[in-house]
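**Student:** one predicted model, sequence on top.
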Amino acid sequence: MKRLFLLMLIGCFVVAGGLLTLAQDTETITLTVRCRAKPPMEDWRGNNFILAAEELNADLEAAGDPRRVEVVINQDNIDWGDYVTEFVLSYGAGEEPDIWLTGHEYIGVQAEAGRIIPLDELMKEFPGLNNVIDSLWDSTMYKGEIWGVPQDAEARPLYFNKALLKELGWSANKIAALPGKIEWGEFTLYDMLAVAKEAVDKGVVADGNGFWTRPKNGPDFTAFYYAFGGDTIDAATGKLVFDEAAGLKYYQFFYDAAQAYGSMGCLGLGWGDAWHPGVSGSKVLFWIGGTWQWAEWAEAYLKDLGGEDYMWETFGFALIPAAEQGGQPNSLTHPLAFLISSQCEHPDLALALIDKVTDYGPNTRHAIASTHLGILKGQTEYKFYKVSRLLSEALYMLAYTTFLPNNPYWGSYSSLVYEALAATVGGDFTPHEAVDFVVDGLKRELGDNVIIR
Amino acid sequence: MLRSKLKPTLAYLVLIVPSTLIILGFLWLLITSFSTRIEGLRSLGWTLHNWRFLWESPFGPQYPSIWLVTLNTLVMSLIMTLIVVVVSSLTGYALSRMKFPGRKGFLSLTLILHAFPSVTLLIPIYFVLLWIAKIPLIGRDVPLLGGFGYNTLGGVALVMVAFQLPFGIWIMKGFFDNISWDMERSALIDGASRFKVWWQIIMPNIKPGIAALSIFSFLTAWNAYLIPLTFTAGRAGKSAVLSLYLQNFISESVMTEWNAVAAVGLFQLVPVVLFFLFTQEALLNIYGGGKKGGV
């Protein structure tokens, strides 16, 4: 009896030991990935991680690493404000995602709060990340460190409606030459407004529809401020900057556009019910949009008319014109970036996954489906990237691109500048009053954290 | 004679006009959900495409199935309804029948709490949920509910209960106030305990009240948006509920598929209609003074 008991005990130990060894062999680590993505165009943002996890597990097995990764994707098209709030609240509860995809401009505030980690050291073990276009890393730098891996980029071109320009009497050659003239600084912002006014005067477009920006606050407006020589960040101190002279020109431009050039009838419109139907429905001559909207228009608004084929016939795009003759045109890229939570227990695995999706195949899948620009060196040569005419033709814009600053106070700064702009467009502020409003507001709200020049 | 006929005719007319508007709305919803496009109430083509969310995720395989989301919503709504009805009945009974220090103050306080807009309390509640999440056993990993902390169905239900309780307590107190003391006194004289009196004598007499509170609570939870949005992660996360899921179809930046929205909206409506059908008899009998034929 005693012997039987002893045998059973030994048996139990052997089984337990075996199970323990097995468990050690297959330690499964769940990593959560949170993405904001418009379905179905932007689904690859999250879905790429499913494929990446398979690859990573194969790598881990080959390297004799006992860990295995299981990825949970949480992806939807929630509004940005709610999206950021959700991260902050879930971080406090320890429920935040390990990998969080967000606009690069949130890096400053999240880094200051200690919710994300710098990646410089970890990145040394993933040389594949060196393939990311060098200038894009600037967008994820904060206080001299890299805090995120760029996920995608885009250009914010000036779109123009070829059919409406033809109605104005422009020849096909003249229309085709427009992007080049803009690139060489021969067609300025005020030249554009003059054409817009002509279109309004001749009844080609309704009053207010000569030139449109986005209907709400957003990064596009900053590109115009840059065009007039403005700066947003002081390289030496990392503080925000507001340039009064550039600001005055910026507000004067929008004041003139709305009051004298039959433009800017766009502020306050709903995206889906008025803005997209307006620009895609040939009711607007010039407008600032994103390259990613090309896919939306083709899929959601113009499918019946022929989708992309119709769009190539009807729409053209160019850089945002220079403010003055011979000046520099620009664009603004607002890369989304993968950030890693400071509470993530396996940041090396999180970065390994990010490294996997930051490769030509996965990134091109996303770029093609969502018409975002590629982020990797030589991506235009990649076989499957080249199939997209838009991406190939727009990639040159990255050479002219600008960024939003990574600064924790950017939200307040941007809101103030936009409030003044909306009042200027509405005729409630003169350009001088707008500048005074911004300067007073910035001093009051940000104090020493902003430099007024 | 003419006058006696005119009165009901007028009454019907007054009822029919607003009812027609509501019925037309529902009819539009129904036709839209089965149409490719619609002109007024005329379908320009019939389709089942808008209902495809029932058998496949319209946003790709990574989005949770509508059935999981519906289960989440049902669990949250039932938990909330159960807690609100039980706690409100007990509290309402005590406030109606017993005299104790602070009774009036308590009543006033519940009314003040009800006056608070939920949005003003979101941040304090968040910290409460963080604290609850740390309590062993109930904070995390409770089957079906996930727990009672942040990003759990139980947590959202708990918050909803807190907002619904003042209303529930006042409603139930009103029902208890209208029940005659005689039955209760007789039972107490016969040796029944307070709890037995509450459960066996009083509760059966306020079934309409229970039904009314149940349906109000259920509807509040079923359609809740702000609280699930704030205290769960993602419209398609593990704790997503129908009102959040519906928002995936409505986007600020992408054209809304209204036909699909109508279909999901109708789907969201079905359990509410069923719930109403099962409780309408009780609801229509809402009156004070004990059960029919009673004292």
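**Tutor:** Structure's in. What do you need? Numbering: from 1, shown residues only, chains lettered A, B, ... in the order given.

**Student:** ok, A:Pro118 - how many residues close by?
**Tutor:** Neighbourhood size, A:Pro118 [other Cβ atoms under 10 Å in any protein chain shown]: 18. Where C-beta positions appear, they are placed from N, C-alpha and C, glycine not excepted.

**Student:** where does it sit: helix, strand or coil?
**Tutor:** Assigned by DSSP: H, G, I helix; E, B strand; the rest coil, the conformation of A:Pro118 is coil.

**Student:** that one against A:Gly148, yeah?
**Tutor:** No. The pair A:Pro118 / A:Gly148 is not scored as a contact, 9.6 Å apart, by Cβ atoms under 8 Å.

**Student:** joint contacts of these two?
**Tutor:** Counting by Cβ atoms under 8 Å, 6 or more residues apart in numbering or on different chains, A:Pro118 and A:Gly148 have no common neighbour.

**Student:** all the strands of chain B, in order from the start?
**Tutor:** Per DSSP state E, chain B carries strands over the ranges B:38-39, B:42-43.

**Student:** which one of these lies closest to chain A?
**Tutor:** For these, proximity to chain A was assessed by Cβ to the nearest Cβ; strand B:38-39 is nearest, at 16.2 Å.

**Student:** which residue ranges of the stretch 201-350 of chain A form helices?
**Tutor:** For the stretch 201-350 of chain A, applying DSSP state H, counting those that start in this stretch gives helices covering A:220-227, A:244-260, A:276-280, A:292-296, A:307-314, A:347-357.

**Student:** worst average pLDDT in the ones you listed?
**Tutor:** Mean pLDDT values for those show the minimum at helix A:292-296, a mean of 86.

**Student:** next, the contact list for whatever residue of the stretch 101-250 of chain A ends up closest to chain B, please.
**Tutor:** Using Cβ to the nearest Cβ, the closest approach of the stretch 101-250 of chain A to chain B is made by A:Lys216 at 8.7 Å. The neighbourhood of A:Lys216, defined by Cβ under 8 Å, 6+ apart, consists of A:267-268.

**Student:** how many residues are close by the nearest residue to A:Ser342 once chain neighbours are set aside?
**Tutor:** Once flanking residues are discounted, A:Ser342 sits nearest to A:Ile117: 5.0 Å by Cβ to Cβ, 6 or more residues apart in numbering or on different chains. By the criterion of other Cβ under 10 Å, A:Ile117 has 20 neighbours.

**Student:** my read: A:Ile117 touches A:Glu345, true?
**Tutor:** No. The pair A:Ile117 / A:Glu345 is not scored as a contact, 11.8 Å apart, by Cβ under 8 Å.

**Student:** let's verify the closest residue to A:Phe315 other than its chain neighbours: helix, strand, or coil?
**Tutor:** Sequence neighbours aside, A:Tyr159 is the residue nearest to A:Phe315 in space, at 5.7 Å (criterion: Cβ to Cβ, 6+ apart). At A:Tyr159 the chain is in strand, as set by three-state DSSP.

**Student:** care to break the chain down by domain?
**Tutor:** Picked chain A for this. With automatic domain parsing as the criterion, the domains of chain A are listed as A:19-147+A:336-402, A:158-333+A:407-452.

**Student:** actually, chain B is the one I wanted.
**Tutor:** Chain B breaks down by automatic domain parsing into domains covering B:2-47, B:59-284.

**Student:** could you give the mean pLDDT of the last one?
**Tutor:** Within the predicted structure, the mean pLDDT of domain B:59-284 is 86.
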